[in-house]
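**Q** quick check, what structure comes out for this input:
(chains A and B)
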Number of protein chains: 2
Amino acid sequence: MIQPPPAAVGQRLAEVDTPALVLDLDAFESNLAALNRAVAGRVRVRAHAKTHKCPEIARRQIAAGAVGVCCQKVSEAEALVEGGVRDVLVSNEIVGAPKIARLAELSRRARIGVCVDNIENLKQLKACAAPLDVYIELEVGMGRCGIAPGEPALALAREIAGNLRFAGLHAYQGRAQHVRSMAERKASIERAAQAVASTKALLKTDGIDCPIVTGAGSGTFMFEVESGAWDEIQPGSYVFMDADYARNEWAAPLPRFRHALFVLSTVMSRPRPDVAIVDAGLKASSVDSGMPTVWGKSLNYTKASDEHGWIEGAPLPALGEKLLLVPGHCDPTINLYDWYVVCRDGIVVDLWPIDARGALT
Amino acid sequence: MIQPPPAAVGQRLAEVDTPALVLDLDAFESNLAALNRAVAGRVRVRAHAKTHKCPEIARRQIAAGAVGVCCQKVSEAEALVEGGVRDVLVSNEIVGAPKIARLAELSRRARIGVCVDNIENLKQLKACAAPLDVYIELEVGMGRCGIAPGEPALALAREIAGNLRFAGLHAYQGRAQHVRSMAERKASIERAAQAVASTKALLKTDGIDCPIVTGAGSGTFMFEVESGAWDEIQPGSYVFMDADYARNEWAAPLPRFRHALFVLSTVMSRPRPDVAIVDAGLKASSVDSGMPTVWGKSLNYTKASDEHGWIEGAPLPALGEKLLLVPGHCDPTINLYDWYVVCRDGIVVDLWPIDARGALT
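**A** Numbers count the residues shown, from 1 in each chain, chains lettered A, B, ... in the order given. Next up, the predicted model:
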């Protein structure tokens, strides 16, 4: 059972039922433009759709100049292709015949890329006989997936053949994205750039062309651009700018992004003089990267239980008053909702379904 | 777009696509029976459906003796009533005319209860003219919603009239549920019981009958039963028993519950000798109450990112191997899925839709 939309086009924001996931269209469009201005055509943009899970947003990113999108799950790719996207990179390893068969099926309808970090997995991909773009995922400091740069990556690249096209290197330093200091983030990306450059040089010596180096996130992408080692960047959160990204030191060369995503909540109890309780808890705003912040008020969201949030500060809002919260972490928050309530100037102008919500496989 | 089921009836668990939310039917049935044996008919059971969000499970709890269920949101109540449940207590304050109109609509199809802690909200409930059971929520140590015990609660009870029936007191000490020590949990409930008893006595002196005192959770319910102050208990997590509840000290009078809920995951990368990466991150198993544990293996799930989990220990599983994880916190984990993959003896025997998944309003 998909949840019905909590709003109708033409409603004022104050009339929208809560909790609701609100997208500020002005801020969203401003963020699309800010990315383009910063990047200035120096690299390709492949926006990360794991963040928004929404074909409508993917189409707008592509209309704004992105070459396509990336995502993390085959089921996300299915929702995006179904929604009209024709170039999707699954920026992740896809293991096992059932999932790979689904990738192969998608490759009949769209250009599909996938990452690999292991020879056994590469053999599984060869066995599907479908034309797939394969990127070798390099470990560049995140300590998650990825093969070591240099010789190990070269050995794997040599095995890419047949139905598979070696599309390039995937190099994402995820751990750097939320390091607070600009200088430390930049240093992390410089180290990653060295690993990328040395691997690329090794491939070249071996006569293997490396068409694209792809990677980067919203917290660092201008460092990747300026390093010259990347051909394509994959920012996701930039369209929304969550509370945790806002805690980063943020200055040029990174552009200023605006908060474009909010959880609208209602004060449901005023039990004591020092606290208001809102109807949005951790099932409405993910707390893995900290509590949400309260937008435009000198109030703090201090604690969450499953369906409740504690609001402290002064002046406290009255029973029934509505508050906009800025989620701590946009990606898992969006995954809790079926709809974006799209607003401009405080009026609901559209409802966008989050088609890849819950797309786990 | 609702996600298709990740499994088919008759499949072996090893064939199920991942991540998948797996319900072990033997353990689930054992937990229903264990609760009944412990309570032994001394109080009514009103199981909490906020945990499972599934009418099929609610119907089974009622078949096992529960008088009905409770939930936290009107939209959850809607899904439960649509699924055939005829007695639902929304154990929460419901504020604002639109939501109250939906409660009123539900009251034409089922017995509907709701909590109140504020005179203004009570007036809103009166204005809907529908027959609702109203429970006064007492603050008994949780520091969330609820009116102070004693005179404030009495003053509010006096105002319940007209279309509203005073159904009793709602007293839930949520903060006590995950206190590790049995003795401290018991002491918390004894303090709550005193607040309940004094308020009940005051109501009686005033000539107000208090039909039911309801409350209690899976971590304490036998203390509520033994105190004699509660007529009805509201355990939710007992059907599944998550990793965080398992960290509690757990002994008689509480019965032993079995882990009945798992996230099935697959090893998608073996990047280094000391770590395996699985395809279930924090969008597959909520981390608000800690990481999941690995079932039946001497392995640790040490870190989560959105779509990945880090597995450490020895011997590490091979690429493609499947692991069962016990979620840190069952309620928000279940809210990430559309289906329970119901298994008995390692075979998929049913698929139960999670109809109230994402029911936020």
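**Q** residues in contact with stretch A:20-32?
**A** Stretch A:20-32 is touched from outside by A:6-7, A:13, A:16, A:60-61, A:64, A:238-241, A:257-264, A:324, A:333-334, A:336-337, A:339-345, A:349-350, A:352, B:360-361, with contacts defined as Cβ atoms under 8 Å, 6 or more residues apart in numbering or on different chains. All C-beta spots, glycine's among them, are computed from the backbone N, C-alpha and C.
**Q** pull out the buried residues from it.
**A** Buried positions in stretch A:20-32, judged by neighbour count with 16 or more other Cβ atoms under 10 Å in any protein chain shown: A:20-25, A:27-32.
**Q** cool, and stretch A:336-350?
**A** Using 16+ other Cβ under 10 Å as the test for burial, stretch A:336-350 gives A:336-343, A:348.
**Q** chain B next: which of the residues you listed are close?
**A** The overlap between the buried residues of stretch A:336-350 and the neighbourhood of chain B (criterion: Cβ under 8 Å from any Cβ of the partner chain) consists of A:336-338.
**Q** narrow those residues to those in strands?
**A** When those are checked against strands (DSSP state E), there are no matches.
**Q** mind listing the helices for the stretch 201-350 of chain A?
**A** Remark: helices of the stretch 201-350 of chain A, listed N- to C-terminal, are A:221-227, A:243-246, A:330-334; assignment by DSSP state H, counting those that start in this stretch.
**Q** run through the bridge partners of the closest residue to chain B within the stretch 201-350 of chain A.
**A** Here the residue of the stretch 201-350 of chain A nearest chain B is residue A:269; by Cβ to the nearest Cβ that distance is 4.0 Å. Beta-bridge partners of residue A:269, counted by DSSP bridges, are residue A:277.
**Q** is stretch A:256-264 up against chain B anywhere?
**A** No: if you take Cβ under 8 Å from any Cβ as the test, stretch A:256-264 misses chain B, and the best it gets is 9.4 Å.
**Q** tell me which residues touch residue A:348, please.
**A** Shown in contact with residue A:348 (Cβ under 8 Å, 6+ apart): A:7-13, A:16, A:341-342.
**Q** and it, what pLDDT?
**A** Residue A:348 carries a pLDDT value of 98.
**Q** now, the most widely separated pair of the contacts of residue A:348?
**A** Pairwise distances across those (Cβ to Cβ) peak at 13.8 Å, for the pair A:12 and A:342.
**Q** re earlier: put the buried members of the contacts of residue A:348 into a PyMOL selection.
**A** One line in PyMOL is enough to select the buried members of those, burial here meaning 16+ other Cβ under 10 Å:
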select buried, chain A and resi 7+11+13+16+341+342
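**Q** and of the contacts of residue A:348, the nearest to residue A:299?
**A** Distances from the contacts of residue A:348 to residue A:299 were compared by Cβ to Cβ; the smallest belongs to residue A:13, at 17.8 Å.
**Q** which phi and psi does that closest one have?
**A** Comment: the main-chain dihedrals of residue A:13 come out as phi -50, psi -40, following degrees, to the nearest 10.
**Q** shouldn't it be in contact with residue A:343?
**A** Yes: look at residue A:13 against residue A:343 with Cβ atoms under 8 Å: they come within range, at 5.6 Å.
**Q** what sits against residue A:284?
**A** With contacts defined as Cβ under 8 Å, 6+ apart, the neighbours of residue A:284 are A:19, A:263, A:265, A:307, A:309, A:333, A:336, B:360.
**Q** and the residues you listed as a markdown table, adding pLDDT and distance to residue B:44?
**A** Below are the contacts of residue A:284 laid out as a markdown table (pLDDT from 0 to 100; distance: Cβ to Cβ, whole Å):
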| residue | pLDDT | distance to residue B:44 |
| --- | --- | --- |
| A:19 | 98 | 31 |
| A:263 | 98 | 36 |
| A:265 | 98 | 33 |
| A:307 | 98 | 23 |
| A:309 | 98 | 31 |
| A:333 | 98 | 37 |
| A:336 | 98 | 32 |
| B:360 | 97 | 28 |
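**Q** can you list the residues of the stretch 1-150 of chain A near chain B?
**A** When proximity is defined as Cβ under 8 Å from any Cβ, the stretch 1-150 of chain A approaches chain B at A:1-3, A:6, A:17-20, A:50, A:72-73, A:75, A:79, A:92-96, A:98-99, A:117-118, A:120-121, A:139, A:143-147.
**Q** in strands, which of those appear?
**A** Checked against DSSP E, those include these in strands: A:20, A:92-93.
**Q** now, which of those residues sits nearest chain B?
**A** When these are compared for distance to chain B (Cβ to the nearest Cβ), residue A:93 comes out closest, at 4.9 Å.
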